[in-house]
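[1] with the input below, show me the fold.
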Amino acid sequence: MSLISLFKRKDKQASSLTEEQASRLSSLIAMHAIKDFPTDWRQQAWVSTDLETSGLDVKHDRVLSIGSVAGVGGRVSPDASFEAILRQEEASSHSNILIHGISGTQQENGEDPIEALLNFLAFSQSKFHLGFHAEFDRLMLQNACKRILGIQLDQVWLDLAWLAPAVYPEHAKHCKSLDDWLTVFGIDVFVRHHAIADAWATSLLWLALQPRLPADCLTGNDVLQLANKQRALARYYMS
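    Have a look, this model is predicted:
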């Protein structure tokens, strides 16, 4: 039985995968089921990902573009990157376009969404995922894969929005956004609110945070746990 037949498909795109695409998908999805990262984080392959979307409603808005930058440990690979604009049946609102700059024409003439997502999965397979305010991007990507590919993509992401205050508590009070943290470390980016540029900025922030990781934070799992503890602590004090 094909992997995609295991899921109920409510979108016509999810039922239109060719045999070749379904075969690619079956081989790729196993590489995205990894939730355990016992490798020394200094040797861990990672991918920083950012999305541009049609809005902030996780249930109803769509992924417009994906940008990713890859690296290993404390090294980023400028030549290892991925970028795609997913073709939309209808362009997002004018106010939304003003934020990310992806024109209606670009949206309507983008890449086939099936191919774009398959190519992204191929680029990011088996890597440690990271982002800033990662939960939104993780859920948007998960929903896109469910709607377009017919799969349940359940990934674990390291959220730098929680790791940063965990290792630099002295900046936690006045640093809330990615821009705030970039300013603290003097990280200049050529543009913001553009998927590949934001993925690049997030990767540079990851490198900037690494020297402050505790000595007993040895593996990818340890780093994830540190960020999750900070998230739980913040929620406790907010409750």
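[2] rest of the way, CA atoms for contacts and neighbours
    Fine.
[3] quick check, central residue of the chain?
    Per CA atoms, centre = their mean, the C-alpha nearest to the average position across the chain is that of T49, at 3.5 Å.
[4] which element is that one on?
    Using DSSP states H and E, T49 sits in strand 45-53.
[5] for that strand, packing partners?
    strand 63-72, strand 128-131, helix 195-209 (3 or more CA pairs under 8 Å, 6 or more residues apart in numbering; DSSP states H and E).
[6] can I get those in CSV with mean pLDDT?
    Formatted as CSV, the helices and strands packed on strand 45-53 follow (pLDDT from 0 to 100):
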stretch, mean pLDDT
strand 63-72, 97
strand 128-131, 94
helix 195-209, 96
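[7] show me the shaky parts of this structure.
    The model of the chain has pLDDT under 70 over residues 1-15, 192, 236-239.
[8] where do the helices of it begin and end?
    Counting by DSSP state H, the chain has helices at residues 19-29, 94-100, 104-108, 113-124, 134-144, 160-167, 178-184, 195-209, 220-238.
[9] ok, which of those comes nearest I66?
    Distances from I66 to each of the helices of the chain were compared by CA to CA, and the smallest falls on helix 195-209, at 5.8 Å.
[10] residues touching the closest one, excluding its own?
    48-52, 65-69, 74-76, 82-83, 131-132, 160, 164, 167, 178, 181-182, 185, 187, 189-192 (CA atoms under 8 Å, 6 or more residues apart in numbering).
[11] quick one, which of those residues are buried?
    Listed as buried from the contacts of helix 195-209 are 48-52, 65-69, 74-76, 82-83, 131-132, 160, 164, 167, 178, 181-182; burial here means 16 or more other CA atoms under 10 Å.
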